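Undergrad: 3D, please:
(3 chains)
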Amino acid sequence: MQFWLPTVFLVAIYRGQKSDAAMMRAIMLLALLVAPASCQREERDLTGSVPEKPAAGIEQSVLHPGDGNNPAPARSKYEETAFDVAEGKRLFQWFNCSGCHFNGGGGIGPALMDDKWFYGSSIENIVATIKEGRPNGMPSFKGLVPEKEVWQLAAYVRSVGGFVAKDVAPSRNDDLNAAPAENRAPTPSPFNGKGP
Amino acid sequence: MTRLRGKALLLAAVFLAGCAPYAVLEPQGQSAGSIAGLLHLFMWVCMVIWVAVVAALAYAALKRPTPAAGSPLQSAAEFDGKANWIVGSFVALTVAILAVLTLSSYLAGKTIADITGTETVTIHVTGYQWWWDVEYEDTRPDRTIYTANELHVPVGEAVKIKLDAGDVIHSIWVPSLFGKRDLIPGQHNELTFIAEKPGVYRGQCAEFCGFQHAHMGFTIVAEPRPAFDEWRREQLAQAAIPAALEQQQGRDVFLSRGCGLCHTVRGTDAGGRVAPDLTHVASRQTLAAGTLRMTMTDLARWISDPQAIKPGTKMPKADLDERELDAVVAYVGSLK
Amino acid sequence: MKDTSPPVTSGLRDTELDDATLDRLLKKTWETPKGLYGWLATVDHKAIGRRYIVTAFIFFLLAGLAAVAMRLQLAVPENQLVGPDLYNQLFTMHGTTMMFLFAVPIMEAFGVYLVPLMIGTRNIAFPRLNAFSYWVYLSGGIMLWVAFALNTGADAGWFSYVPLAGPEFGVGKRSDFWAQMVTFTEVAGLAVAVEIIATIFKQRAPGMSLDRIPIFVWSMLVTSFVILFAMPAVMIASTMLILDRLVGTHFFNPAEGGDALLWQHLFWFFGHPEVYIIFIPATGFVSAIIPTFVRRPMFGHLAIVLALISIGFLSFGLWVHHMFATGLPQLGESFFTASSMAIAIPSGLQIFCWIATIWGGRPIFKTPMLFVLGFIVTFVLGGLTGVMVASVPLDLQVHDTYFVVAHFHYVLVGGAVFPLLGAVHYWYPKVTGRMMGEQLGLWSFALIFIGFNATFFPMHILGLQGMPRRVYTYMPETGWAGTNLFVSLSSSLLVAGLILFAWNAVKSLKSGAAAGDNPWDAPTLEWATSSPPRSYNFSRIPVVSHREPLWAQRQFLDVVSGLRVDARELVSGTVADAAPQLREPSVDNSIWPFLSALAVGATFIGSIFTPWAVVWGGIPIAIGLIGWFWPKGNPEDEE
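TA: Numbering: from 1, shown residues only, chains lettered A, B, ... in the order given. Take a look at the predicted model:
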């Protein structure tokens, strides 16, 4: 549906203005070029399905300190989808994550907006942290929070640290704002947006 | 032209005969009642005007034409002189009719507003995407009632609803009882209404509020004062203690699988405040903000996959196996 | 044929030239060069007006297809065809496109095409701004629809209420595209409004004093002023919205001292006059068509002009009737009830005058006239339901229900699209030189009229039964299913009628009967020139001595002489009496408006993603504008 409506438009202009086909071809080409550059960002998956199947047993961190053989972090669709990151932001407040991490600046729990990650800043690591918990206070939410919501939360936590593209990261909330919104967070310098 | 129109109307009338009730025209409350009276007045006046205008147009277009003149410019000055008076008096008539309508509209508005301040019950309703949080205020804070998506009111008494929005703008509307009032973030609105006949009235959100605007309904149960007081007493109680084994297992699943992160069941550890209060959920008539009936089947459908029924709803699909699901349904269904 | 004309020298006047030579020289001066460059660089108001009209109709088609998809979804309860996500985009695209990309631009487009012809001048004022406005409008429209194709279609309604469209709840970039599209089209709209005002005030043919201006031109003048005062409000609002979303300002955040209702005030301060921006030109069409087809001058010319002006003023005093449910003070609401009722007076006056004109004339039932009759029947109904929704208590019941959907479709389709389709049939011969098919016209009118009423009349009933607007589905137990199915089926008649109309328009382009200069024997100046008009509109500028010049002087019109033929010149006169004052130079074709529009478009689109785009985009915009305004020597200075 979504695709054929504008196609009608372009074809109609094309047919209506045959004499200037070159111009119209240029417009159509431009539209085709823009197409792939979209639009995971705008996806809104309302099915409740979980593409990433939870691993059985306890999830281990995929990090190996020191040996330099860490796997390249895979980009998860959750951190490329504005809707999922925004849902993560909502859940962050609903589940009172800010009770310990505050608005990302840390306090009782560690800060989320800096570039120091004890247990890895890739989304898989953050998911593992949320599900399994970590020593010194991070509780385990395994079984309490459904799989999809964990990934959304993790994607949001990534955006607090500036690891998420600015056109995907959430904007400010309609509340008292303690810090600039995630889409204005500075990109962490040492990792240049890629994370360790 | 008019004949074509007549046929279309006739066809429409045949098609529509006996479909749905005209909620707005069959009022059951003081406020909707005054409006329905006003609506009848406006409708009749407008219908008469429309018929008169169309008749005049039809006559003007279809009558034997004015005799042809040599040039279009040689129109009869006599006609224009007469028409000046006729058109002028019709404009005056328009002004008079509009003045009457404006005045009657003002008076109806005043009647509706006059009951403000006479309320015996005050309810605080907060709109969320896509459900209604309900709180019955009481002079004694320990007698405050928390519920959701269903309001009980005593028949014949004025009820005040204080309106707030928790996220985006919503609008509360019960066609049989009262017109709309918006729930706006950062603004406190109120409305006062009287339900004149006992009954169950459907209401819904009337301001576009996102994915599930279509399924953001609620019910108002108007009942005689004793029944209302009885209901209020029941709602004050803590949640029922599960009796059957399956219900007890259900409670354990409910508490261990995170339902309590969002929902409150008073008397248990579940104390989340971001989703409907479930303490007496099974005593309500509907489920999922007026979307499903409160039956065990619908409850199971809802809990097993809320996104299939209300795509986009904030209630996630829980990772429950079949046994856990049955148990939770049994438990929630027992929360009368 | 031997060329006997005098050699072309600088400052050659048309005084002593014979007709053939004059036409040859004027053609050389005013013509648009062939090819892509000419197409992009033309500043001919007719070429741009035609382009505007065609583009607006394509957007009309797209928005119509979105409506078809919505009707398919709503045909049965709990339909799974279109989910809430896509449905919300569809109805937002439908409303946004119809209002911003179809209705307002097409009315302005008719003004751009017709006003200079009707007042007897050679081009619109500020022709390059005119070209610029079209390119900006086109890029805004394409941007919105390309975004929609990429699942980034705006989804918060054409009114985009915050907070739903705001930074917290309008996630992603959907509402940003909406906000920038508004900015695009309003820049275009404001530019055209300025041109039309200047054209009407200063470029009227000598002798066309205020009381001789055709009513359609009056309607465009009033509309342009309404645009001038209404559109800045929504531009400011859309800019505030995008700042809130992108930069984190707090205009609409109540927690930080902003206000969610501020958006509604700003939006409706534009949004209600918007309805009249669409409706006033439509009444202008009607007042142009009726005298021609009833063979007599308009009854109550002065009254109609005064009614138009008062509608223009009153339209700014109504906006709160969109906000009766928001909980404003009762006294204020009563004021807006009264003012909303008051606007029915000038509207009613116009209708009485039209009926009186028909009464006193000899009607000829050609297609344009049929559309006008259909207009009166449907618009009066829409106007009367408008009186109903002006009442606060009634509005509280029917607000945001299908009753209102029915009401404004009666006003906008019945009140504006019917006259528009009549106007297309009426001026088609002038624009193309060929007549549209009369038989097809009759059929398309019948289908559209019946289809429209069968589609939208039942919506009144749905509203009274309690069906709210903007719902992607409804539950079976509501009992709305039968009526909805009937509405969905009826809409196919409407669609069939519109297809027939489109086919008639396309077919007649090639095979329509040749029209001649004045096929309807109409009284106004645009019919005094050839069909289609030549690039310079009139070989000699006519002098007007009567309100219906072509009826008063049937054999020949008096003309002005003394204009240069080797440079673009037109006559500029006084505002009230159109007494000629100056020979005013008119600019030549230029590619710079197109390039500037590209730069502006790129800046607007870039600013969806980063505020820095405004800074970097300033550079190409500056280059474009410098090229545009580069002084090249004024023909007057050469003399």
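
Undergrad: where does C:Trp427 land in three-state SS?
TA: Taking DSSP: H, G, I helix; E, B strand; the rest coil as the rule, one finds C:Trp427 in the helix state.

Undergrad: and the residue nearest to it when sequence neighbours are not counted, its phi and psi?
TA: Once flanking residues are discounted, C:Trp427 sits nearest to C:Leu114: 6.8 Å by C-beta to C-beta, 6 or more residues apart in numbering or on different chains. Placement of C-beta: from N, CA and C, glycine included. For C:Leu114, the backbone dihedrals (degrees, to the nearest 10) come out as phi -90, psi -30.

Undergrad: was I right to think B:Asp133 contacts B:Glu150?
TA: No. B:Asp133 sits out of contact with B:Glu150 when judged by C-beta atoms under 8 Å, with a separation of 11.4 Å.

Undergrad: who has more neighbours, these two?
TA: Set B:Asp133 next to B:Glu150 and count neighbours by other C-beta atoms under 10 Å in any protein chain shown: B:Glu150 wins out with 23 against 20.

Undergrad: for chain C, see how far away that one is.
TA: 17 Å (C-beta to the nearest C-beta, to the nearest Å).

Undergrad: which residues of chain A fall in helices?
TA: Taking DSSP state H, the helices of chain A run over residues A:4-16, A:21-34, A:82-94, A:98-101, A:123-132, A:147-160.

Undergrad: mind listing what's buried along the fourth one?
TA: This points to helix A:98-101. By neighbour count on 16 or more other C-beta atoms under 10 Å in any protein chain shown, the buried set for helix A:98-101 is A:His101.

Undergrad: and what of stretch B:192-212?
TA: Going by 16+ other C-beta under 10 Å, stretch B:192-212 has these buried residues: B:192-196, B:201-212.

Undergrad: where does the prediction get shaky in chain B?
TA: Low-confidence segments of chain B, defined by pLDDT under 70: B:1-22, B:69, B:75-76.

Undergrad: just the helices in it please.
TA: Secondary structure of chain B by DSSP H: the helices cover B:2-16, B:30-62, B:77-114, B:225-236, B:245-256, B:296-304, B:306-309, B:322-333.

Undergrad: what about whichever residue of chain A sits closest to chain C, neighbour count?
TA: When scored by C-beta to the nearest C-beta, chain A has A:Ser171 as its residue closest to chain C, at 3.4 Å. A:Ser171 has 23 neighbours, counted by other C-beta under 10 Å.

Undergrad: again with B:Glu234
TA: B:Glu234, neighbours per other C-beta under 10 Å, totals 12.

Undergrad: one more: B:Lys336?
TA: 13.

Undergrad: I figured it hits B:Arg284, correct?
TA: No. Counting by C-beta under 8 Å, B:Lys336 stays clear of B:Arg284, with 9.8 Å between them.

Undergrad: quick one, domains of the chain?
TA: Let's take chain A. A:4-38, A:77-184 (automatic domain parsing).

Undergrad: actually, chain B is the one I wanted.
TA: B:30-113, B:121-234, B:245-332.

Undergrad: return the distance of the shortest one from the chain's centre.
TA: Read that as domain B:30-113. Relative to its chain's centre, domain B:30-113 lies at 34 Å (C-alpha atoms, centre = their mean, to the nearest Å).

Undergrad: no further questions, thank you.
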